[in-house]
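Trainee: the sequence isn't on hand, but the structure is:
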């Protein structure tokens, strides 16, 4: 059809793609602030905290943050749609228990048991996704319920027992470094692969655009042809699947499968995602900021532990940081407006609009 | 005079809602206020109720100059407004609703429930209705809810009651009961203002009638001195002429075929076709079910019966995606809530529907979106400094252009456009009209919903008038006049002579 072909010559205007220069777009973002803080924290710790630049510090930082890093990937997408998943840590525990039982009691090989456990994680996610997306229940209520449910099933299966006795080849692999004498554990390989996958999905795909639109205005997203329910359901299934992977990792790296694994991890994940610049109201956020947020918390914890602070003090510092980061949205806004005002003069002014007219009808 | 308004002006930003509105209501009378959609009736009422403040003009209540800054002030002065859809607290009892915020206190400052129930019962018997004062408001019919509102007004001893289209959702018996109540209130010496689109009711109930048009006072009559024809002529009374010319276009094959579409409580037996090159206008009053029909056709809402076909192929129900794939585009009524993501950039909004086609190797980049969006924004002359500006910074007219650009980018076969020019400035309005005419000329089928009668009459090749969920008239461009459209829209006798059941 030839309706208004876009390349019709008629009085076409052209537009610059961006209203602000590149450096401004980079510097005036929440993500940049988090990354800058992360770099500052690392530089400071390396110079002032004893043993921080030792060979073990960064290795343990990565190894201990790996679960949060992994779970933060789907959690970011879910929070951007305006939903939340509080059940991820319980899914980790349930998959850990099932993985251990399938291998130790069921005699399945580690590989087969892991695949089945990851599948179970996906099923857990699908339960959440179905209830939230298709039944239309609020995700905070649904996942508080399944948080208790999934861990409860795990505890029902194993009680207070635990399963150990995984082959050394696997538990060693979980702890191994990619390159000898470098601080990068093996788990970073699947993490980097997944991170690239999630970044492409969220920031470079039509699906990802839909995720942001749902968070900003789900009604308009529906009118634009975004399948809101399907999008949300997919994200919850992804969260469950990743939780399954974390369940396997946690089991192998600690060598123990039990229902108490990863207690409270979901709140650490959500805290890191919010610190990374994702809005709890949905529609805003970026994956690189979240990854920096997770690492920032890790670096602060590590550095303060090394300088002999207690866990309580560390929690206070991280809590304050989180509150400040949530406030920073409103702190950044005036700066943005100031810059916009100097630019805004040449763009067309905002005129008052439908609000008044609507009251006529 | 209970109420005197003279030369009242009110504008919202650039939009003038009331130019020069006047209304005088005697105590002990029922006064009708009539006018088209957008004539300014509701704005005028809201000024009386204290929702809006007038910009200029006289406003006297029982001879005293007043200026209400809030609804609480107007209530205290004795003005009660009963809206079409009353807003009661569903989980509180009928009595608690009536005495909300001013419950009688007994010993120890506790609420005196017995007295409250007794007084509510007295109010109901005075109104001649039987509603249990102790029952919950949830589940009451709209008619009963209005009675509760009226009871509340009487208990406040309101001397002026304003009813904004109270009968729109009522059955015949309920209307009679409401009228009986209204007459008894009049006989007690209160003043009543009755807004209605149903002329038979205006003539059955009211003593005087005031006509408004385009935010201005037109005339006031004793009801005995006028008739339906004269009122309709005064309501529309303006030259429609060539205000919004649609260039003649070649009418092609059927693009959209809607058969027997029905959705319980919203619309029934809706059948129509739209052909290539044709603009079909859906006219009718606000709330008649026009937007609901459009939403069901596009698949945003469900429907219970009937079918929708595009180019001879059945379009699956309840899926905007399927509708888009079939070749439909839908510019919805509420731009900010439905039409676009105001927090998102111009580029992302314009590329919002076509983005699946912009991927390379499955990946979508901002560059690809900018490249695709730029020309469409340019073709519609969207005014913005850059493609990454958020839509929230733009004027209503520019936002509407972004929405239209987004849908034209999909190269649709059918464009459904709901209120194409609501809340946008005159210049952009003309641009939108020229664009619609051009598009039809290029073979696009257009279904246009508009509450502005001149727009429908000027733009549409064919007009379907919707009244209370049914199509009550189908008029060709040549035979459509403001009068016969208004007749059909208000459920009166249509030009074809068919009697439409009330």
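Mentor: On my side now, so go ahead. Treat the numbers as computed from the prediction; the structure is a model and nothing was measured. Residues are numbered from 1 along each chain as shown, chains lettered A, B, ... in the order given.
Trainee: can you tell me the helix or strand for the most centrally placed residue in chain B?
Mentor: Central residue of chain B (C-alpha atoms, centre = their mean): residue B:286, 3.0 Å from the mean position. Using DSSP states H and E, residue B:286 is not contained in any helix or strand.
Trainee: for the chain, which residues score under the pLDDT cut-off?
Mentor: Answering for chain A, as no chain was given. Within chain A, the stretches with pLDDT under 70 are A:1-12, A:329-334, A:336-361.
Trainee: oops, chain B please
Mentor: Across chain B, the ranges flagged by pLDDT under 70 are B:14-15, B:169, B:238-244, B:425-427, B:491-502.
Trainee: please repeat the previous calculation with a cut-off of 50.
Mentor: Residue ranges of chain B with pLDDT under 50: B:239-242, B:492-502.
Trainee: thought the residue nearest to the centre of chain B was touching residue B:451?
Mentor: Yes: with contact defined as C-beta atoms under 8 Å, residue B:286 and residue B:451 form a contacting pair (5.8 Å). Glycine gets a C-beta too; all of them are placed from N, C-alpha and C.
Trainee: coming back round to it: residue B:17 versus the residue nearest to the centre of chain B, what's the distance?
Mentor: Per C-beta to C-beta, to the nearest Å, residue B:286 is found 15 Å from residue B:17.
Trainee: can you give me how far stretch B:256-275 is from the chain middle?
Mentor: Centre-to-centre, stretch B:256-275 and its host chain are 20 Å apart (C-alpha atoms, centre = their mean, to the nearest Å).
Trainee: and that stretch, what's buried?
Mentor: B:256-258, B:261-263, B:266-268, B:270, B:272-275 (16 or more other C-beta atoms under 10 Å in any protein chain shown).
Trainee: farthest pair within the residues you listed?
Mentor: With C-beta to C-beta as the measure, no two of the buried residues of stretch B:256-275 lie farther apart than B:266 and B:275, at 25.6 Å.
Trainee: could you report the neighbour count for residue A:244?
Mentor: 29 (other C-beta atoms under 10 Å in any protein chain shown).
Trainee: contacting residues around the closest residue to chain A within the stretch 101-250 of chain B?
Mentor: Taking C-beta to the nearest C-beta, chain A has its nearest neighbour within the stretch 101-250 of chain B at residue B:215, 8.2 Å off. Applying C-beta atoms under 8 Å, 6 or more residues apart in numbering or on different chains, we find residue B:215 in contact with B:16-21, B:39-40, B:43.
Trainee: I'd like the distance between the closest residue in space to residue B:63 that isn't next to it in sequence and chain A.
Mentor: Excluding its sequence neighbours, the residue lying closest to residue B:63 (C-beta to C-beta, 6 or more residues apart in numbering or on different chains) is residue B:1, at 7.1 Å. Separation of residue B:1 from chain A (C-beta to the nearest C-beta, to the nearest Å) stands at 26 Å.
Trainee: residues near residue B:1, how many?
Mentor: Taking other C-beta under 10 Å as the criterion, the count of residues near residue B:1 is 12.
Trainee: that one contacts residue B:60, correct?
Mentor: Yes: with contact defined as C-beta under 8 Å, residue B:1 counts as touching residue B:60 (7.2 Å).
Trainee: before we move on, which element is the residue positioned nearest the centre of chain A in?
Mentor: For chain A, residue A:72 is the residue whose C-alpha lies nearest the centre (C-alpha atoms, centre = their mean; 2.3 Å). Element membership for residue A:72 (DSSP H and E) is helix A:55-80.
Trainee: in that helix, what's buried?
Mentor: For helix A:55-80, by 16+ other C-beta under 10 Å, it's A:57-59, A:61-63, A:65-80.
Trainee: where along the stretch 251-400 of chain B do the strands fall?
Mentor: Assigned by DSSP state E, counting those that start in this stretch, the stretch 251-400 of chain B shows strands spanning B:254-263, B:267-275, B:279-284, B:305-310, B:313-314, B:328-331.
Trainee: any chance of these in a markdown table, plus distance to chain A?
Mentor: Listed next are the strands of the stretch 251-400 of chain B as a markdown table, based on distance: least, C-beta to the nearest C-beta, whole Å:
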| stretch | distance to chain A |
| --- | --- |
| strand B:254-263 | 12 |
| strand B:267-275 | 15 |
| strand B:279-284 | 12 |
| strand B:305-310 | 14 |
| strand B:313-314 | 16 |
| strand B:328-331 | 7 |
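Trainee: tell me how many other residues crowd the spatially closest residue to residue B:359 that is not a sequence neighbour.
Mentor: Spatial nearest neighbour of residue B:359, excluding adjacent residues (C-beta to C-beta, 6+ apart): residue A:206 at 6.5 Å. Applying other C-beta under 10 Å, we find 18 residues neighbouring residue A:206.
Trainee: same deal with the one 5 residues further on?
Mentor: Each residue near residue A:211 was counted by other C-beta under 10 Å, and the total is 26.
Trainee: check which helix or strand covers it.
Mentor: Going by DSSP H and E, residue A:211 is in helix A:206-216.
Trainee: run the chain-centre distance for that helix.
Mentor: 16 Å.
Trainee: so residue B:372 makes contact with residue B:352?
Mentor: No: using C-beta under 8 Å as the test, residue B:372 is too far from residue B:352 to be in contact (10.6 Å).
Trainee: higher neighbour count, these two?
Mentor: Between residue B:372 and residue B:352, counted using other C-beta under 10 Å, the more crowded position is residue B:352 (29 against 18).
Trainee: isn't the more buried one up against residue A:224?
Mentor: Yes: the criterion here is C-beta under 8 Å, and residue B:352 meets it with residue A:224 at 4.8 Å.
Trainee: what touches both of those two?
Mentor: Residues touching both residue B:352 and residue A:224 (C-beta under 8 Å, 6+ apart): A:213, B:341, B:406.
Trainee: just the element for the closest residue to the first one other than its chain neighbours, please.
Mentor: Once its chain neighbours are removed from consideration, residue A:213 has its nearest residue in residue A:221; the separation is 4.1 Å (C-beta to C-beta, 6+ apart). Applying DSSP H and E as the criterion places residue A:221 in helix A:218-223.
Trainee: next: residue B:182.
Mentor: Going by DSSP H and E, residue B:182 is in helix B:172-187.
Trainee: likewise residue A:198?
Mentor: Per DSSP H and E: residue A:198 is located in helix A:188-203.
Trainee: and that helix, what does it pack onto?
Mentor: helix A:55-80, helix A:206-216, helix A:228-254, helix A:287-306 (3 or more C-beta pairs under 8 Å, 6 or more residues apart in numbering or on different chains; DSSP states H and E).
Trainee: including distance to residue B:345, could these go into JSON lines?
Mentor: Listed next are the helices and strands packed on helix A:188-203 as JSON lines, based on distance: least, C-beta to C-beta, whole Å:
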{"stretch": "helix A:55-80", "distance to residue B:345": "16"}
{"stretch": "helix A:206-216", "distance to residue B:345": "11"}
{"stretch": "helix A:228-254", "distance to residue B:345": "20"}
{"stretch": "helix A:287-306", "distance to residue B:345": "19"}
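Trainee: residue A:270: which of the ones you listed is closest?
Mentor: Counting by C-beta to C-beta, residue A:270 lies closest to helix A:55-80 out of these; the figure is 6.5 Å.
Trainee: got the domain boundaries for chain B?
Mentor: Per the record, chain B has its domains at B:3-88+B:140-236, B:239-327+B:412-502, B:345-409, by automatic domain parsing.
Trainee: out of those, deepest packed?
Mentor: Highest mean neighbour count among the domains of chain B (mean count of other C-beta atoms under 10 Å in any protein chain shown): domain B:345-409, with a mean of 22.
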